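[1] Quick one: sequence plus predicted model below, questions after.
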Protein chains: 2
Amino acid sequence: MAEKVTIATVARHARVSRQTVSNVLNAPHIVREETRLRVQEAIDALGYRANQAARQMRTGRSRLIAARIEPTRDGINGSVLDRFLHGLTEAAEAAGYRVMLYTATDTDREIATYDDLLGAYDLDAFVLTGTDHGDPRTAWLARRGVPFVTFGRPWDAPDAHPWVDVDGASGTAEATAHLLAAGHRRIGFIGWPAGSGVGDDRRAGWRRTLAAAGVDVAGLDREAVDGIAEGERHARGLLAEAAPTALLCASDSLALGALQAVRADAPYVAVIGFDDTPVAAAVGLTSVSQPLGEAAARCVDLLTAVLDGPHRTTDQVLLRPSLVRRHTA
Amino acid sequence: MAEKVTIATVARHARVSRQTVSNVLNAPHIVREETRLRVQEAIDALGYRANQAARQMRTGRSRLIAARIEPTRDGINGSVLDRFLHGLTEAAEAAGYRVMLYTATDTDREIATYDDLLGAYDLDAFVLTGTDHGDPRTAWLARRGVPFVTFGRPWDAPDAHPWVDVDGASGTAEATAHLLAAGHRRIGFIGWPAGSGVGDDRRAGWRRTLAAAGVDVAGLDREAVDGIAEGERHARGLLAEAAPTALLCASDSLALGALQAVRADAPYVAVIGFDDTPVAAAVGLTSVSQPLGEAAARCVDLLTAVLDGPHRTTDQVLLRPSLVRRHTA
DNA sequence: GGGCAGGATTGGATCGTTCAAGTTGCTGGA
DNA sequence: TCCAGCAACTTGAACGATCCAATCCTGCCC
C-alpha cells in the first residue's frame, strides 16, 4: 500500500518548502517558472492530491454545494429534477466543486438540515429548487449570509436573490406561434390552477400570443391538477365543448392524457406538451424542452461568481426553452 | 453574527476540558452521568456541531458516501434511480452519513474519479448501480480496499462483494401466477435480448412459472430493445402471430408500448409492466414494484456494518418485489 | 491515617494545509 | 558604501478535532 502523500512529501521530493508547493497550487504566479515546473513534476510523479479536510479547516471553505433531492412526485416530471441534478454535478465538478444531497420532509426540518450541514460540513452554497411565494428557506439563508441560488424565480420579488429560470411564457408562446403558423386558430390550453407562478407564466405565453394574433380564446382555457387522467378528462371536455384543432398543455403528463383523448375521439387534433420528458420522446409527443443542463451550469456560474470572486455579476438568468417537434404537432 | 462554537467553547461553558466534551460525544459510557448531562446541556445551549473537517483530519473518516448519478437514459426508467437516490440520502442521513454525487462518462474516467474523490475527500464508501459482468470498477475498489456496495448482483460471481438486489424472477413469477389465477393460459413475454443478467432473470421467472403450471411458451417469448416504440412493435407481432391473452413486459416502457398496441387491436388482452414507475401509476398499468427505499436502506446497512463495526454480517441481500394491481391486469 | 486501585480529567502532540511573518540574495539609487 | 525595495523562498503558528500519556480525585481497605 502506498504511503500517504502530503504536501510535505512533495516538498521533500522537489527540494522546496511546503509553502512553495502550496503556492504552486494556489498562487502559481508568485513562483519562479523553473521551480514551478519542478514542483509540478513531483506532484504528478507522486500522484499528490490536496486533502480537502485540511484545506477546509484552514480556509473555512469546503468546495461543497448542497442540493435537495425530492421524492419523485405524482407525475412524469421527476425526470426533470433528475436531469437538472446530473447537469449540476457535472458543472460543479468542472468548477472544482462537489454536490452533496439532502432531503427534508417539511420546511422546518429543511432549515434545521441547513444548520446541520453548515455546522458540520461548512457547505459553501445551496441550490434550491421549487421555491414558492415568500419562501422561509431563502429568507433564512439570506439572513445567515449563506450563498445560494434557486432554480426557479421568486415570483413576488424578482430581484430578491440570485436565480436561474426558464422562460415558460416564451416556451408556450413559441409553441402557440408554431400552431398558428400551421394554420390552427382554435388552440386550447390545459394548464394548472391559477396562483402558481410557473403555471400562470406558461398560460400567459399562450394567451399573449393568441391575443397578438387577434384570435379569441373564450372557452379554450382549462385549469387541471397535474396528471394523465386529468389531462384526458379536460381534453375530452374541450373537444366536446370548444371544438379546438390543437391542444397546448402545461406538462407532458397533461399532454399524455390529452393525447389519449385525442387518439380516441379526434385524431386530427394537434397536441403539445411541456418539459420534453423521456416519455414525450418515446411516444412522439411534440414538447417544449427546458435547457436543464445549461440551467444547472448557470446556477454553478452564479455561485462561483459569489464564492471565488468579489466582482458582482448579473444575478438573474432567464433561459429560453425550445420547441422539440415530433409527430403530434 | 454568532461566534464560532468549537469544542473549547463548550468545554469552557460546561467547566470541563475539551477531552471530556469529546468523550461525551464519542465515548459517553466513560463519563460520569452528572458531567455528561452538564456537557450535553452546554452543547444544546450553544448549538455546537462537531466540525467534520477537523474530525476527519484526525480520524481519517469523512462520513461521506459517494453515489453515481447517471444521465437519464432512453426510457421511463430514470425515475428508478431517482427514487433509489432519495432513499439512499435518507438512510445515510439516519446513519450519520451524507451522500456525495459524481458522474463519469466512461469506466476509465469513473475510476479516475474514484481516485480523485478518495484522495481529496477521503470518502468512506461507494454505492454503485448497474454493474455488469466482470466490472473493472468493483475490481479496482476491491484492490484498493475501499468499502463499497452495489445495487445489483454481480451475475458471474454471486459472493464477490456485498450487494443488494431485487429478485426480478420472483417479480415476474408473481405476475405470471397472478395471470394464471385470472384464467390466462397464453401469456406472452416481451423482454430484453438475452445476455443481460437483469433481463435474463426477469424472463426466467415467467418461464419457470409457466413450466411449473405445465403451460407451453413456444412462440410467446420476444427480445426487444427497451423503449415504447419497440414494445408496441413486438406486442403487435405477438398479437398477430401467437394470440396471447396477456403480455408480461420487462419494463414499463415496453409495457406502455404494448398497452398502445393492445388498446388499438385487442382491448381484452392484459398487460403487466415492471418497475412501477410514475407513468404506470398514471395510466393505470399493473406493474411489478421494486422496494427501492428498502434497497437503499439495506445498502447503507451493509456499508455501516463494514465501516462502524468489525462484526461481519451477511453480505448479500435479495429483496422481493411486489405486484401492484391496477386496471390493465 | 496512609496507601492504593481505578476511573475521571487534563495538557500536549498531531492530522495536512494555508496564513503571516521572516530570511536571503540581488538590484539600484543616493 | 549603504540601505530601501523587491523577488523568491522558508519558517512558525494556527484551524478544530482526537489520541496518548500523565495527573488528579475519590472511595476503600488495612
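    Perfect, I can see it now. Numbering: from 1, shown residues only, chains lettered A, B, ... in the order given.
[2] Compute the distance between residue A:83 and residue A:97, please.
    19 Å (C-beta to C-beta, to the nearest Å). All C-beta spots, glycine's among them, are computed from the backbone N, C-alpha and C.
[3] what comes into contact with stretch A:22-41?
    Outside stretch A:22-41, the residues that touch it by C-beta atoms under 8 Å, 6 or more residues apart in numbering or on different chains are A:7, A:10, A:14, A:15, A:16, A:20, A:21, A:43, A:50.
[4] Would you check which of those are in contact with DNA strand C?
    A:7, A:50 (C-beta under 7 Å from any atom of the strand).
[5] Turn the contacts of stretch A:22-41 into CSV, including secondary structure, neighbour count and pLDDT.
    CSV is the format used below for the contacts of stretch A:22-41 (DSSP: H, G, I helix; E, B strand; the rest coil; neighbours: other C-beta atoms under 10 Å in any protein chain shown; pLDDT from 0 to 100):
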residue, secondary structure, neighbour count, pLDDT
A:7, helix, 21, 94
A:10, helix, 25, 94
A:14, helix, 22, 92
A:15, coil, 11, 93
A:16, coil, 19, 93
A:20, helix, 21, 94
A:21, helix, 27, 94
A:43, helix, 21, 94
A:50, coil, 16, 93
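[6] For the stretch 151-300 of chain A, give the residue positioned nearest to DNA strand C.
    Closest to DNA strand C within the stretch 151-300 of chain A is residue A:300: 21.0 Å, counting by C-beta to the nearest atom of the strand.
[7] Excluding chain neighbours, what is closest to residue A:176?
    Spatial nearest neighbour of residue A:176, excluding adjacent residues (C-beta to C-beta, 6 or more residues apart in numbering or on different chains): residue A:209 at 4.1 Å.
[8] How about the helix or strand residue A:81 falls within and chain B, touching?
    In this assignment (DSSP states H and E), residue A:81 forms part of helix A:78-94. Yes. On the criterion C-beta under 8 Å from any C-beta of the partner chain, helix A:78-94 is in touch with chain B at A:78, A:79, A:81, A:82, A:83, A:85, A:86, A:89, A:90, A:93.
[9] ok, residues contacting that helix?
    With C-beta under 8 Å, 6+ apart, helix A:78-94 has contacts from A:65, A:67, A:69-70, A:72, A:98-99, A:127, A:129, A:151, A:275, A:277-278, A:290, A:292-297, A:299-301, B:69-72, B:78-79, B:81-82, B:101-103, B:278.
[10] follow-up on the earlier one: right, and the pair among the residues of helix A:78-94 next to chain B with maximum separation?
    Spatial extent of those (C-beta to C-beta) is set by the pair A:78 and A:93 at 22.9 Å.
[11] These two - which one has more neighbours?
    Applying other C-beta atoms under 10 Å in any protein chain shown to residue A:78 and residue A:93 shows that residue A:78 carries more neighbours, namely 25 against 18.
[12] Start and end of stretch A:160-177, how far apart?
    Distance between the two ends of stretch A:160-177: 32 Å, counting by C-alpha to C-alpha, to the nearest Å.
[13] List the contacts of the residue in the stretch 201-329 of chain A positioned nearest to DNA strand D.
    Here the residue of the stretch 201-329 of chain A nearest DNA strand D is residue A:307; by C-beta to the nearest atom of the strand that distance is 19.2 Å. Residue A:307 is in contact with A:61, A:124, A:125, A:147, counting by C-beta under 8 Å, 6+ apart.
[14] Run a quick neighbour tally on the residue of the stretch 101-250 of chain A found nearest DNA strand C.
    Closest to DNA strand C within the stretch 101-250 of chain A is residue A:122: 13.0 Å, counting by C-beta to the nearest atom of the strand. Residues near residue A:122, counting by other C-beta under 10 Å, number 18.
[15] Likewise for residue A:273?
    By the criterion of other C-beta under 10 Å, residue A:273 has 34 neighbours.
[16] for residue A:145, same thing?
    Neighbourhood size, residue A:145 [other C-beta under 10 Å]: 7.
[17] Chain A: helices as residue ranges?
    A:7-14, A:18-26, A:33-46, A:52-59, A:78-94, A:107-121, A:136-144, A:168-181, A:197-212, A:228-242, A:252-265, A:278-283, A:292-308 (DSSP state H).
[18] Mind listing what's buried along the third one?
    Under the neighbour-count criterion of 16 or more other C-beta atoms under 10 Å in any protein chain shown, helix A:33-46 has A:35, A:36, A:38, A:39, A:40, A:42, A:43, A:46 buried.
[19] could those go into a markdown table alongside distance to DNA strand D?
    Supplementary listing: the buried residues of helix A:33-46 in a markdown table, determined by distance: C-beta to the nearest atom of the strand, whole Å:
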| residue | distance to DNA strand D |
| --- | --- |
| A:35 | 3 |
| A:36 | 7 |
| A:38 | 8 |
| A:39 | 9 |
| A:40 | 12 |
| A:42 | 12 |
| A:43 | 14 |
| A:46 | 17 |
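[20] Need those residues in JSON lines (columns: distance to residue B:222).
    Formatted as JSON lines, the buried residues of helix A:33-46 follow (distance: C-beta to C-beta, whole Å):
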{"residue": "A:35", "distance to residue B:222": "67"}
{"residue": "A:36", "distance to residue B:222": "62"}
{"residue": "A:38", "distance to residue B:222": "64"}
{"residue": "A:39", "distance to residue B:222": "61"}
{"residue": "A:40", "distance to residue B:222": "57"}
{"residue": "A:42", "distance to residue B:222": "59"}
{"residue": "A:43", "distance to residue B:222": "55"}
{"residue": "A:46", "distance to residue B:222": "55"}
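[21] Going by distance to residue B:314, which of those wins?
    Using C-beta to C-beta, the buried residues of helix A:33-46 come closest to residue B:314 at residue A:46, 39.8 Å.
[22] what ranges of chain A fall below the confidence cut-off?
    Along chain A, segments meeting pLDDT under 70 span A:1-3, A:72-78, A:133, A:309-313.
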